[in-house]
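[1] Okay, sequence plus prediction incoming.
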Amino acid sequence: MTADSDPAATSASEDRLSADQVDLIRELISVIAPGAETITHLALGRPPRNGSRAEVYMEDSANSPTLTGSSYVASGHLAIGVCVFTALDHLRSFAAVLGEGQAMSLATLTRGAVEALGKAHYLLMAPTAKEMVGRHLSLGLAELEVSVKKVGDAFRDLRGEPLDVRAHMAALEDKLAALGFEREKVGVTALASMVVSECVPGLDGRAFYSQLSSVAHGETAGVSAFLGRNIEAGIGFVQPPALVLPFIGAMTKTSCTVVSGVVAHFGLEQEYQDAWNNVIAERIGPLTNRLFEAQA
């Protein structure tokens, strides 16, 4: 019997979301993703608005040209946009597999989303241009160090040409030294945990992220939570509301918080600020309330 033909599939149970819950989650994502994407395009697809914090940072003495002809603040701004779009890609994929039989991928998609949003949040919360550049360089060095350990010097640029990654890392270290900025030891675990804790009241970000990671790593403690109870009928996996609803709740709140940070940092015009705030108040908020009221 398929989920579609099972009368129980229309109502929530410990093992599965109801059809209404699936529809609400998909509708919620269909509102968040395009709205957040439009805001991010408006923020990054044009020069910084006059008087915005983004413009102030671009004109600060801490900003300087990069080896590629851009600037360090502009590079940090681009990283924010890439992280937001990465999170939205994971969010859309979450909607695509919801209710389709896949289970554990929901945890790994949530993990990828909050990791990306954690990095964007970390950069957006930099109180000065110097701090943004320092955070951006610290993130870059942390990522490159991991990559060097795994693949050595086998790096290529976007054109497929060999890239001297160690020289690039040395240049980043030199820039940090020139700024007088002590490199921060940052990692995706800490940043993802922080953004979840800050954006979702009452949720322990570190414990939540550990749960997601245990699933991504195939650890028994994580994957067994998705195991169907009727083992005698064969091994099968389910999408329990007790797990899935916190996933979408965390992605919703972190996405809205980070995109609101984009609006503030880039100083979007009032009409766009109002439009985004209205999306949160009139669409995202009510949909979220309906989703969790149904579970309660």
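    That came in fine, so what should we check first? This is a predicted model, so every value here is computed, not measured.

[2] alpha carbons only for contacts and neighbour counts from here, please
    OK.

[3] For the helix or strand harbouring Tyr272, buried residues please.
    Using DSSP states H and E, the element containing Tyr272 is helix 270-278. Neighbour-count burial for helix 270-278, counted by 16 or more other Cα atoms under 10 Å, picks out Trp276, Asn277.

[4] repeat for stretch 70-80
    Neighbour count says stretch 70-80 has Ser71, Tyr72, Val73, Ala74, Ser75, Gly76, His77, Ala79, Ile80 buried, by 16+ other Cα under 10 Å.

[5] Stretch 213-232 now?
    Neighbour-count burial for stretch 213-232 flags Ser213, Ser214, Val215, Ala216, Gly222, Val223, Ala225, Phe226, Leu227, Gly228, Arg229 (criterion: 16+ other Cα under 10 Å).

[6] quick one: contacts of the helix holding Tyr272?
    By Cα atoms under 8 Å, 6 or more residues apart in numbering, the list of residues contacting helix 270-278 from outside reads Gly35, Ile39, Ser260, Val263.

[7] Could you list which of those belong to helices?
    Gly35, Ile39, Ser260, Val263 (DSSP state H).

[8] that older thread, dump the helix holding Tyr272 to CSV, restricted to CA.
    Taking C-alpha atoms only, helix 270-278 is exported to CSV below (Å, rounded to 0.1, in the frame of the first residue of the first chain):
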residue,chain,number,x,y,z
GLN,A,270,12.1,51.4,2.2
GLU,A,271,9.7,49.8,-0.4
TYR,A,272,11.8,46.7,-0.4
GLN,A,273,12.2,46.7,3.4
ASP,A,274,8.4,47.0,3.8
ALA,A,275,7.8,44.3,1.2
TRP,A,276,10.1,41.8,3.0
ASN,A,277,8.7,42.6,6.4
ASN,A,278,5.2,42.1,5.0
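
[9] Report the rounded mean pLDDT for that helix.
    Mean per-residue pLDDT for helix 270-278: 97.

[10] Could you look up the next helix or strand downstream of it?
    Assigned by DSSP H and E, the successor of helix 270-278 is helix 285-295.

[11] quick one: that following helix to helix 270-278, angle?
    Angle of helix 285-295 versus helix 270-278, following axes from the mean of the first three to the mean of the last three Cα atoms, to 10 degrees, is 10 degrees.

[12] related to what we said a few turns ago, and which of the contacts of helix 270-278 is nearest Gly187?
    Ser260 (23.3 Å; Cα to Cα).

[13] tell me which element Ser138 falls in.
    helix 129-151.

[14] for that helix, packing partners?
    helix 53-59, helix 72-97, helix 105-124, helix 165-179 (3 or more Cα pairs under 8 Å, 6 or more residues apart in numbering; DSSP states H and E).
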